[in-house]
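Participant: Here's a sequence, model it:
(one chain, ligands or ions: 1)
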Amino acid sequence: MARSTSAASSSSVAKETLAFCTSCKMDLNHVIVAMKGDRIAKVQCLTCKKEHVYRNPKGATEPGPKATRTRKSSSEDGQHSIEAEWEKLMASHKDQPVKPYSTKGAFELGDKLNHPSFGEGIVGKLIYPNKLEVIFRSDVKVLIYAGVASTF
Ligand SMILES: [Zn+2]
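Facilitator: You can find the predicted model right below:
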C-alpha cells in the first residue's frame, strides 16, 4: 500500500554514484556512505576503498594527466609558428603571381603580395571594409587596401 516516493531522491545510502575520488584523483564509482538531506555527504571509493567527503565528478571533459603539454621554449615559440605558417602558405601559393602591395590595390583572401618593408606575404583575412591581415615571414600585419567596395 505505502508507495515509496522513489522519484524524489535517486541518491541514498548504499547506492552507487559517480564522484570525484580525492585519493585516486579521478571520477570513479563510489558507494554512498552518508546522506545529508538530499545531498550526498560521504562516499566510499570502490577503487581505493577509502571513505571521503563527496565531491562532484569533474566530468569527462577534464583533461587527465595524459594531456599534459609538452613544454616548448617559451619566447621564440610564437615567432616560430608564424614563420612555419608563412612557409606553408608560400609553398601552397607558389604558383600564384605576387601582387605589389599598395593601399589602393585590390586584394582577396589568399592573395600573395609583396610589401616594400615586410617582404612577401599572404592575405589571411579580410577585415571589412578596407583592411587586410597579411601573414609575413616574421609577423602578421594589418594593412590598408582599397577595400571591398572598389573591387566591384
Ligand atoms: Zn579512490
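Participant: Could you list the single helix or strand in this protein with the lowest mean pLDDT?
Facilitator: helix 74-92 (a mean of 78; mean pLDDT, DSSP states H and E).
Participant: what's the distance between whichever helix or strand comes after that one and the middle of its chain?
Facilitator: Going down the chain from helix 74-92, the next helix or strand is strand 98-100, by DSSP states H and E. Mean C-alpha position of strand 98-100 versus that of the full chain (CA atoms, centre = their mean, to the nearest Å) differs by 35 Å.
Participant: Which strands and helices lie in contact with strand 98-100?
Facilitator: Other helices and strands packing on strand 98-100, by 3 or more CB pairs under 8 Å, 6 or more residues apart in numbering; DSSP states H and E, are strand 112-115. The C-beta positions use only the backbone N, C-alpha and C, and glycine is treated the same way.
Participant: what lines up beside the strand it packs on in the sheet?
Facilitator: Strand pairing for strand 112-115, using DSSP bridges, gives strand 98-100 (parallel), strand 119-127 (antiparallel).
Participant: Give the buried residues for that strand.
Facilitator: Going by neighbour count (16 or more other CB atoms under 10 Å), the buried part of strand 112-115 is 112-113.
Participant: How about stretch 18-32?
Facilitator: Going by neighbour count (16+ other CB under 10 Å), the buried part of stretch 18-32 is 19-21, 27-28, 30-32.
Participant: Return the member of those nearest to Y145.
Facilitator: Within the buried residues of stretch 18-32, distances to Y145 taken as CB to CB reach their minimum at D27, with 52.4 Å.
Participant: Nearest spatial neighbour of that closest one, chain-adjacent residues omitted?
Facilitator: Among residues not flanking D27 along the chain, P57 sits closest, at 4.1 Å (CB to CB, 6 or more residues apart in numbering).
Participant: backbone phi and psi for E133, please?
Facilitator: Backbone torsions for E133, taken as degrees, to the nearest 10, come to phi -100, psi 120.
Participant: could I have stretch 95-115 exported to PDB, CA atoms only?
Facilitator: Provided in PDB are the C-alpha atoms of stretch 95-115 (Å, rounded to 0.1, in the frame of the first residue of the first chain):
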ATOM      1  CA  ASP A  95      52.400  29.300 -58.500                       C
ATOM      2  CA  GLN A  96      50.500  32.500 -57.700                       C
ATOM      3  CA  PRO A  97      51.600  35.800 -59.000                       C
ATOM      4  CA  VAL A  98      52.900  38.300 -56.400                       C
ATOM      5  CA  LYS A  99      50.900  41.500 -56.400                       C
ATOM      6  CA  PRO A 100      52.800  44.600 -55.300                       C
ATOM      7  CA  TYR A 101      51.300  46.000 -52.200                       C
ATOM      8  CA  SER A 102      49.600  49.300 -52.400                       C
ATOM      9  CA  THR A 103      46.900  51.000 -50.300                       C
ATOM     10  CA  LYS A 104      44.900  51.400 -53.400                       C
ATOM     11  CA  GLY A 105      45.300  47.800 -54.500                       C
ATOM     12  CA  ALA A 106      42.600  45.200 -54.700                       C
ATOM     13  CA  PHE A 107      43.300  42.100 -52.800                       C
ATOM     14  CA  GLU A 108      41.400  38.900 -52.000                       C
ATOM     15  CA  LEU A 109      41.800  36.200 -49.500                       C
ATOM     16  CA  GLY A 110      44.800  34.100 -50.300                       C
ATOM     17  CA  ASP A 111      46.500  36.700 -52.500                       C
ATOM     18  CA  LYS A 112      50.200  36.800 -52.400                       C
ATOM     19  CA  LEU A 113      51.600  40.300 -52.100                       C
ATOM     20  CA  ASN A 114      54.900  42.000 -51.800                       C
ATOM     21  CA  HIS A 115      55.300  44.700 -49.300                       C
END
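Participant: Cool, thanks, signing off.
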